[in-house]
Structure formats: structure tokens, C-alpha cells
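Trainee: quick one: sequence plus predicted model below, questions after.
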Amino acid sequence: MIMKHQAEMKKMIINNSINTHMKKVAIAFIILLMTGGVYAQDFKKVNTMFLLNKVEDARTELEKVLADPKTQNNIDAQLWKARIYGVLFADSAYRVKYPQSGQLAFDGFNKYMQLDPEAKKIKEAGMSVVDQIYVTNFNLGRRYFDKEQWDSSLVYFKNSHAMGNYITRKNWRNNNQAIDTFTVLFTAYAAQNAKKADEAAMYYMQFADLKVPGKEYETVYDFLGRHYLNTKNQVMFNKYVGIAKELYPQNTLWKNLEAAYMEDNLSLAEKLKMYDEGLSGGKMTSEDYFNYGSMFANISKEDQKALDSTRISAIKRKGIEAFKKAYELDNTNGLAAYNAGILVNNEWNELQEKYFNYRGATPALKAKRDDIDKVSAPIANEAVEWLEKSFTLLDAKKDRGRVEKNSYSTAIKLLANLYEYKREKVKGKIPADYDKFDKKFNFYSTKVGS
């Protein structure tokens, strides 16, 4: 009997527990239904005002709903927020009265998309909410852009770009676009002009990653190359300069950017190593050699402190070699010949300074000067050879640029000086050579100032 009584008591406890739990569930369900009913009733008011084109009244009703924190995760509430504030934002008069309408519409739409990633409700409500937020932001961005108010322009373009992203990702226009080209580029332009290079690069990358071609877009790849050159990001620099070379193979700018990256970011030892590897590989272009020549001709003060004079001279010789090879691969490159000639002339100048340091009549001093003359003579001949190659090319060119004009003028002065030196060395010794060098000296002297 006791065991039977205990079993019945246990059964009663279990049944009471189940009944109590069911009552709680039922109460919770009723509350949920009541809450849903409240929202449904409120949204009905919002909808009615909206359909009657009483958008401000619809806003008032919506704000009552949004006052409840729970609506922050309610799909309908956030879509209504985007729709109503989108209408206010699109109307210039309402936009003045409700200056936050654009951002509220944009925030509401973003929240809605988080809650409804498939955008099922938009298909029911229509795409006007998307168009209003997208187009109004773009038009305002363009208005400030035309006024060169870059920061304000950027704010609106960024919102328009974000909406364009939704449109392309969801293919709401059924045109299978990968990106919304206009908003990407205008947002990037605004960021660039606002001096926000990192943001500009972020938008330009979206464009460049698709390898979009066209002469009008060349500046996009130029910007990215220069940006990652300046920020010393070798991986990104190589990526976008590589794409640029693929799309615009005739543009020498990419080679120049690569040279600038090496110049600014690689150590002298790394540059020398890359040059030697390129030299042995036999695949370097005239531009490659020219750029290496420039690097070795302009050793930084920091690098010079770590090198002795012999090592510096050897590196400068590599620069001469590189400029000569640049000319050999492109014998129309007057600047390559000029730079080779300048570097050789500098060697000759250093020897002349030593020569004059040994002034005096003693046999020992005379012997030192004779030794220097033996070294100077072939270097002077080498300088003349390359400066005359440069002069011949630049003299024949009628549309010389600024650098070419300066190089042409300097080459003439140096050639006059070198021929004067050569003439004086044979004076009273070899009359035929004296006359030949004197004629050359007079030729270049009369052109000084050309």
C-alpha cells in the first residue's frame, strides 16, 4: 500500500509540473501574440499614413514604434524606417526639415539587410526605397564634388557606394555587374581629393582587382602604384603595378615606379645584387639599365659613410656601365649617353683636382702629375665619346624637353672644356692634334649658351 501511494504521489507531482510548465508556455505565447498584435496594429497606422502620402504622419507613427527597444531587431520596423526616411531624404524641403533623414534611412536599410539577408520584404515593398537612398546620396555627392567640397562629397558617395554594393551583389538590376563602377570611382576620387589616400586605395582596389581596361582608367593603376610605393607595401605594390603592366604594356611609367620603389625601399646591397642578376639574365630593357644607372650615380650620404672611396668609385662605374647599356639597347636615348658622359667627366674632374694639388717644380711632384696624366687621358677620351653621342642626338632634336635642354647646354660646356684640356696637352708637341682639338674647342665654345 505504501509503495502504491508513493507511486501515485510521484505521478501527481509530475502532472502538476507539466501543467505548470504548459501554463507558462501558454502565457508566454499569449504575450508574444499580444506584442505582435501591437506591432501589427502600429505598422497598419504607419502603412495607412504612408499610402495617403502623409509621410510626416507616417514618420510620427513609426517613431512611436521605434521607441520600443525591441524594434531594433524587427524586420518591418527597420524597413519602414528606411522607406519613410528615404522619402524624406529624397525631398529637398523635407531634407532641410529632417537633416538626419539620409543617415537614418541608410542605417535603417543596413539593419534591415542584416535581419533579412535575402531581402524578401523588399521584393514585396518594391525597390523604390533602394533607388531613393542610392540616387539621392549619389546626386548630393556629385553636387559637393562639383563644388570641390571633398569631405562632404565623400560622405554621400560612400553611402551611395554601399547601396550600389547591395544592388550588384543581389543583382537587383538583372545586369550581372560585378561592381557599381560610377560610385566606386567617384568615391575613390573624392577620397583622393580629400587627402584620404588609404580610403581612396580601398575603393580603387575594387576596380583594379577586376582588371578593368581603358585609357581613361590608367590613372587608377597609377594611383595605386604610387600609394603602395609611398606606404612601402611591396606585396600590394607588385600586385597593382603588375596588373598595370599587363593592361598598359606600352606605358613606361610602370618601369619608373618599380625603379622608384627600389630606390626608396631597397638597400644599396640589394640594388647591386638585383642589377648583377639582371645583367647575367640578359633580359633587362633600356629603361631597366637607365634606372639602375640613376641609382648607382646617386649614392645616398648614409651609404657613402659606410663605403671607402674605392668602393664608391666602383659603384659609380657600374652606373656608367648601366647607362652605356641603356644607350646600346636604344641608341636614340640621348640622356643615357649624356649621363654616362657626365659620370666619366666627374672621374676626370677628380683626377684634375689631384693633379693641381701636386703643383711644383720638383721631380717628385712632376712624376706624380705625369702619373695622373696617364690615367686622365683615356678617361677624358671616354667622356668626350659619350658626351658627343649625347650632343649629336640632342642637337638634332627640335622639341627638347626641360631636362634635355639642360643636358644639351651642359654637354656643350663640358666638351669645350675637355677639348681645351686635350689641346693644351699636345701644344708644342703634336701640331696636327693641336689643330684638330683647337677646331673642336672653337666649335663647342661658339655654341655655349645655345
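Mentor: That came through fine. Numbers count the residues shown, from 1 in each chain.
Trainee: chain center to whichever strand or helix holds residue 226, what's the gap?
Mentor: Residue 226 belongs to helix 218-230 when assigned by DSSP states H and E. Taking CA atoms, centre = their mean, to the nearest Å, one finds helix 218-230 lying 3 Å from the centre of the chain it belongs to.
Trainee: please apply the same query to stretch 190-210.
Mentor: 7 Å.
Trainee: contact partners of it?
Mentor: Identification of contacts with stretch 190-210 by CB atoms under 8 Å, 6 or more residues apart in numbering yields 141, 145, 148, 150-151, 153-154, 157, 161, 178-179, 181, 184-185, 187-189, 217, 220-221, 223-224, 227-228, 230, 240, 243. All C-beta atoms are positioned from the backbone trio N, CA, C, and that covers glycine.
Trainee: related to what we said a few turns ago, after the helix holding residue 226 comes which helix or strand?
Mentor: According to DSSP H and E, the helix or strand after helix 218-230 is helix 234-247.
Trainee: angle of that next one against helix 218-230?
Mentor: Counting by axes from the mean of the first three to the mean of the last three CA atoms, to 10 degrees, helix 234-247 lies at 150 degrees to helix 218-230.
Trainee: toward the C-terminus, what is the element adjacent to helix 234-247?
Mentor: helix 253-265.
Trainee: alpha carbons of that following helix, in CSV - could you do that?
Mentor: What follows is helix 253-265, C-alpha atoms only, in CSV (Å, rounded to 0.1, in the frame of the first residue of the first chain):
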residue,chain,number,x,y,z
LEU,A,253,55.6,54.8,-66.1
TRP,A,254,55.4,51.3,-64.5
LYS,A,255,59.1,50.7,-65.0
ASN,A,256,59.8,54.1,-63.5
LEU,A,257,57.6,53.3,-60.5
GLU,A,258,59.4,50.0,-60.0
ALA,A,259,62.7,51.8,-60.1
ALA,A,260,61.4,54.4,-57.6
TYR,A,261,60.3,51.6,-55.3
MET,A,262,63.8,50.0,-55.4
GLU,A,263,65.4,53.4,-55.0
ASP,A,264,63.3,54.3,-51.9
ASN,A,265,63.0,50.9,-50.2
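Trainee: that one: which residues count as buried?
Mentor: Buried residues in helix 253-265, counted by 16 or more other CB atoms under 10 Å: 253, 254, 255, 257, 258, 259, 260, 261, 262, 263.
Trainee: in which helix or strand does the closest residue to residue 290 other than its chain neighbours reside?
Mentor: Of all residues not flanking residue 290 in the chain, residue 326 sits nearest, at 4.1 Å (CB to CB, 6 or more residues apart in numbering). Assigned by DSSP H and E, residue 326 falls within helix 309-329.
Trainee: and for residue 157?
Mentor: helix 150-170.
Trainee: could you check the angle the next helix or strand after that helix makes with helix 218-230?
Mentor: The helix or strand immediately downstream of helix 150-170 is helix 181-193, counting by DSSP H and E. Angle, helix 181-193 to helix 218-230, by the same axes, to 10 degrees: 40 degrees.
Trainee: can you show me the CA trace of helix 181-193 as PDB?
Mentor: What follows is helix 181-193, C-alpha atoms only, in PDB (Å, rounded to 0.1, in the frame of the first residue of the first chain):
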ATOM      1  CA  THR A 181      31.500  51.500 -61.500                       C
ATOM      2  CA  PHE A 182      30.300  55.000 -61.100                       C
ATOM      3  CA  THR A 183      30.000  55.000 -57.300                       C
ATOM      4  CA  VAL A 184      33.300  53.200 -56.900                       C
ATOM      5  CA  LEU A 185      35.300  55.700 -59.000                       C
ATOM      6  CA  PHE A 186      33.500  58.800 -57.700                       C
ATOM      7  CA  THR A 187      34.000  57.700 -54.100                       C
ATOM      8  CA  ALA A 188      37.700  57.000 -54.800                       C
ATOM      9  CA  TYR A 189      38.100  60.400 -56.500                       C
ATOM     10  CA  ALA A 190      36.500  62.200 -53.600                       C
ATOM     11  CA  ALA A 191      38.700  60.300 -51.000                       C
ATOM     12  CA  GLN A 192      41.800  61.100 -53.000                       C
ATOM     13  CA  ASN A 193      41.000  64.800 -53.300                       C
END
